[in-house]
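1. How does the following fold in three dimensions:
(chains A, B and C)
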Amino acid sequence: MRLSGLLRRPLVLASLCVIFGIVVVAMIGPWIAPWDPLALDQNNVNQGSSSAHLLGTDEFGRDILSRLLVGIRPTVVVALVSTTIAALLGTALGIVGGYGNRTVGFFIMRGVDIMLSFPAILLALLAVGFWQSGVLSLSIVIGIIFIPQFARVAQSATLQVLGQEFVEAEHAMGARYTRVIFRAILPNILAPLVVQATLTIAAAILLESGLSFLGLGIVPPEPSWGQMIGTARGYMSQNPMYVVWPSLCLAMTVLAVNILGDALRDHLDPRLRNA
Amino acid sequence: MNIVRKLGLATGLLALMSTSAIAEGSLWFGLSAEPSSLDTVVQPGTAARTVKLAIHRGLVNYGIDGKISPELAESYEISEDARTYTFHLRDAKFHDGSPVTAADVKATFEHILDPNGKAAFRNELSIIDAVETPDDKTVVLKLSTPSVALIGYLALPESVIVPAAWLAENKDNPTATPIGAGPFTFGEWTRGQEIVLEKFDDYYKEGKPALDEIHFVFYGDENTRVNALKSGDVDIIDYVPAKDAEALKAGPGTELISTYGPFMGLQFNTKFEPFSKPEVRQAIAYAVDRSAIINTAFNGIGAPIWGLAIPEGYMGYSEAKKDYFSHDIEKARELMAKAGYPDGFEARLLASSQYSFHQNTAVAVQSELAKIGIRLTLDLPDWATRMSKAGNADYDFAVLGSLGEIADPDWLTNYYYGGDKLVRTNNSPYFDDPEINGLLDKGRATVDPVARAEVYDQFVDRALELSPIVYFMWRQQDYAVREGVTGFTNLPGFLTFQSGYSLENTKVED
Amino acid sequence: MQNIGAFGFAIGSRLVTAIVQLWVIATLVFSLMYIMPGDPVLMLLGPDSNPTPEAIAATRAQLGLDQPVLSQYVKWLGGAMQGNLGTSLDGYPVAQYIGNGVFKTLELAFAAILVASLIGVPLGIAAALNRGRFLDGLLTSVATLGISVPVYILGSLLILGLSLKLGWLPASGYTNMSRSVAMHFEKLILPAITLGFGLAASIARMTRSSMLEILGKDFVRSLRARGMSERRIVWRHVLRNAAIPIVTIIGLQLGNLMGGTVLVEALFNWPGLSTLLVTAVSNRNYPLVQGAILTIAALFILINLCVDLFYTLLDPRIRRKRA
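-> Residues are numbered from 1 along each chain as shown, chains lettered A, B, ... in the order given. Just a heads-up that it's a prediction; the model follows:
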């Protein structure tokens, strides 16, 4: 896999920069935020841009820029943790579904079908209703929701790999299952999984923001982008830029992840490359 | 492309035809919720009350001036000892054409007083010992204890009169078509979408109602509701969010109908140790800058309360006591120290994410109380969870947004009385002060207005001293209408949620 | 004729799977509802009015909510198997609520798919035919942007611009066809566009890649070698082959929309199944939640089944394999 070719594409490079920037800000956001994102200022509510508040203030007089910077973290953490959960469990299920015992595999894949037959956002809506929502519970719920997609990808990739000679060679040499899985299968199904991971990150960000938008996400007063957009929607006539900033940030992030995902897929999927 | 053109053509043609299909006097009412029930004796919220008051009338109701207005009863007398209420019925008809008689009134009250029934105000009305019907047009209520407050409860939308025959048949049938004696008849309820009411031609008030039909359309989301009014999808909306009030007031094309009705405050679980001490509750009353809440959570709209939430003009209102508290951090710290918490403590504040003004009040309170060392965790579940937590006293303290049910000072009982049910949705759980209980009992039974006012003055002193509930502000409760909608009145003060009464006067001009 | 038998068997096994799927979902939702905090009786009687314990107990008994959970479950399942979704807590049949909502959701979904296909398919084809050129880059970027913008942002912007500022279209609601057909369609336009925009983007992307896949096939090369005109190749052969995956994708998107309309329904106060579900959840109206979810899942499964059947019937490769 030569990834250097990817870096030569300006759009991909730009996306990588955006993603890198977001991850960095997610780590250091609270330290570079010019204001305390939770500090109320009753005399300065719904202000436009000024030298004190670059992006203005929200309905509590809190600094929007600071809230954006700090609000990245829950967005990023939820996206990454949920994708990790989905990837680990989904891949494991997919490999077992493809490589393991037939009966077990059958039930696993039917289970995956059942989960897939249910719209993600409705599941999340129900699940988040039960627990006090927060970064952890959101991550788990969203993670579980995306397990079946990973399982599907992992299973079909595993089935493809199984037919190839080197796997049969390992079997012929009497290798144990775990060795086959980790030495032969996993490295060879990694490419589609990486692509799936980028798609899942984008989808997880959108889902988290959608839930926060519906008031089911991150608990106030902690900021998150989706929640900011949901609130700002009500202030569109008073402070139009309030809704614009978080929307821009969110769309840009998802766009960057999607561009990267597309590029990776084009690069890793031999069918498309040769077409 | 062909399909698109065809569709466009069809739409155009139908647009020409369809204007005539919409009746002249139709009012489209954007309601903040779908009523969970139209059962008259249940009180599931403002949306249901608005619809109920369009369909039904009681013996008396609260009129547009906030005073008791005789409705199905032409007149009434309360005996000197406040133990006998006599009502003289007028000639009115129910929607099924039958006359409103004393027997219907009797059946209605028997239904309300049924110990296994669902009546929301059964407790308050249970002092009715007997309903006597000397003739078809006279009803006499005999009370077990004297009460001058009863008339207020009889005026509520939950005490409206329904036909005896209808009750006999439909008492346990929640899907029965509602029949009342109010200005509009029940038309259709498209579940999840709208309730349609039609004009009742035999309504007992000459020339009313003006409207031919009302469509109550359910708009749960506040932003969507406001947009619907602005774009003309509906003619009137309830629960205007504070952030939109100014814009809708300024128009063009929209008007705001406002009143200060509900109050915002805090109710304390007195089993949570710090909140068992009156000093701590008072400290909180001193610590919270009311303008911080009004300016942030309510967009600058609202009036601060520095004493008890008794509206001016109501019995118990005291000019001298209205500024009992002030914004005084030093005093708050002293009180905290006196109570044994010089460094503050940690507590959970319950509110709800479902209503932005509840959530925003909690956020503002959190920031204000941090200044005297009270560190808050916000608990912001949806409304159903919030209410069931309130019902189980599963909180340290909670944001209270409510109002008095009636204009009579006995509304205070619901908030301050101890008694045998110490956890209620609107009281401070486990708060039980014999002196306050005694004053409330006495106030209810005192007939002479001057003597009665004295009782409530004493009550106010005691209530401020103990401060089981701390009040922050009067919330402006707004309806917004499109230009051309006239005659809708926001009933003053606590009665704002009974404004559906004025739909009988409402007109729409195109 | 033997493949008709095989076909029937395939349908039969799919139906069995579908029933098992619905059962698992129903059971899952049933158990979730019972661990959820909040009391349906309290919501029904009005929590603000301090219902008396007697009233609460009486109502609970009347609704059968005082029965053990297991017997409630068995009773509900028994009803559901006979097609009876039970009674909503306010006394009306759940089926009546569902009946009011389901067609509105379907209407919105079909309208959105129509919008999305009319935009997405031509753009996808154009991009594929111009692979690597400027137009392709532009269309691909726009499509990627399209799937990156959350529907609620797009919807809010459309309401603000087209409805509140310009006053061209209503901002919300639903008008029955019997009342005003024109108004009915006017109110459909904005939600359909909002929902259709993101879908158009993903349909365009998938159309593009299906086209590219077919364009890369050997038979295209041999057709070219035989000197057939490029135009004829594209319109007669490539499109015909690419049509199957494209239609399949559109079908799958339609299935996803059964629950995927929730944000748009909320934004435009569209009284469909999702709005019903969200309200029912907030009122803890258990039977209604179960009924709505089951309906959504059943529609999803049904649509996917139809898509699969269509795919099996039309795809020459699969047909050949079976024969």
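2. list the contacts for the residue of chain B found nearest chain C?
-> Per Cβ to the nearest Cβ, the residue of chain B with the smallest distance to chain C is B:Pro174, at 3.0 Å. From N, CA and C alone the C-beta is placed, and that goes for glycine too. Applying Cβ atoms under 8 Å, 6 or more residues apart in numbering or on different chains, we find B:Pro174 in contact with B:Ser37, B:Asp39, C:Asp90, C:Gly91, C:Tyr92.
3. which of these are buried?
-> Buried residues within those, counting neighbours by 16 or more other Cβ atoms under 10 Å in any protein chain shown: B:Ser37, B:Asp39, C:Asp90, C:Gly91.
4. quick one: which of the residues you listed sit in helices?
-> Among the buried ones among the contacts of B:Pro174, no member falls in helices (criterion: DSSP state H).
5. filter the residues you listed down to the ones near chain A?
-> Of the residues in these, proximity to chain A by Cβ under 8 Å from any Cβ of the partner chain holds for none.
6. I'd like to know which of those residues is nearest to chain A.
-> Using Cβ to the nearest Cβ, these come closest to chain A at C:Asp90, 20.1 Å.
7. The spatially closest residue to the closest one that is not a sequence neighbour and B:Pro178, how far apart?
-> Nearest residue to C:Asp90, sequence neighbours excluded (Cβ to Cβ, 6 or more residues apart in numbering or on different chains): B:Ser37, at 5.4 Å. To B:Pro178, B:Ser37 is 10 Å away according to Cβ to Cβ, to the nearest Å.
8. Do any residues in stretch C:134-153 lie close to chain B?
-> No - Stretch C:134-153 stays clear of chain B (Cβ under 8 Å from any Cβ), getting no nearer than 10.7 Å.
9. Next up, the contacts around A:Ile22.
-> For A:Ile22, the contacting residues are A:Ile72, A:Val76, A:Thr253, A:Ala256, by Cβ under 8 Å, 6+ apart.
10. any low-confidence regions in chain A?
-> For chain A, the stretches flagged by pLDDT under 70 are A:1-6, A:119-121, A:128-133, A:269-275.
11. please redo it, this time with the cut-off set to 50
-> A:1, A:272-275 (pLDDT under 50).
12. so who does the most centrally placed residue in it touch?
-> Residue closest to the mean C-alpha point of chain A, counted by Cα atoms, centre = their mean, is A:Ile201 at 2.0 Å. Contacts for A:Ile201 (Cβ under 8 Å, 6+ apart) come out as A:Ala79, A:Leu80, A:Thr83, A:Val257.
13. Pretty sure the last one sits against A:Ser15.
-> Yes - if you go by Cβ atoms under 8 Å, A:Val257 and A:Ser15 touch, sitting 7.5 Å apart.
14. Next, work out how far apart A:Asp262 and A:Arg183 are.
-> In terms of Cβ to Cβ, A:Asp262 sits 30 Å off from A:Arg183.
15. Which parts of the stretch 351-500 of chain B are helices?
-> Ranges of helices in the stretch 351-500 of chain B, per DSSP state H, counting those that start in this stretch, are B:356-369, B:383-391, B:412-416, B:434-445, B:449-466.
16. Please produce TSV containing these, extended by mean pLDDT and distance to C:Asn176.
-> Formatted as TSV, these follow (pLDDT from 0 to 100; distance: least, Cβ to Cβ, whole Å):
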stretch	mean pLDDT	distance to C:Asn176
helix B:356-369	91	31
helix B:383-391	86	30
helix B:412-416	92	41
helix B:434-445	92	50
helix B:449-466	93	52
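17. now the ones you listed as JSON lines including distance to chain A and mean neighbour count?
-> Formatted as JSON lines, these follow (distance: least, Cβ to the nearest Cβ, whole Å; neighbours: other Cβ atoms under 10 Å in any protein chain shown):
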{"stretch": "helix B:356-369", "distance to chain A": "5", "mean neighbour count": "24"}
{"stretch": "helix B:383-391", "distance to chain A": "8", "mean neighbour count": "22"}
{"stretch": "helix B:412-416", "distance to chain A": "27", "mean neighbour count": "22"}
{"stretch": "helix B:434-445", "distance to chain A": "34", "mean neighbour count": "18"}
{"stretch": "helix B:449-466", "distance to chain A": "26", "mean neighbour count": "17"}
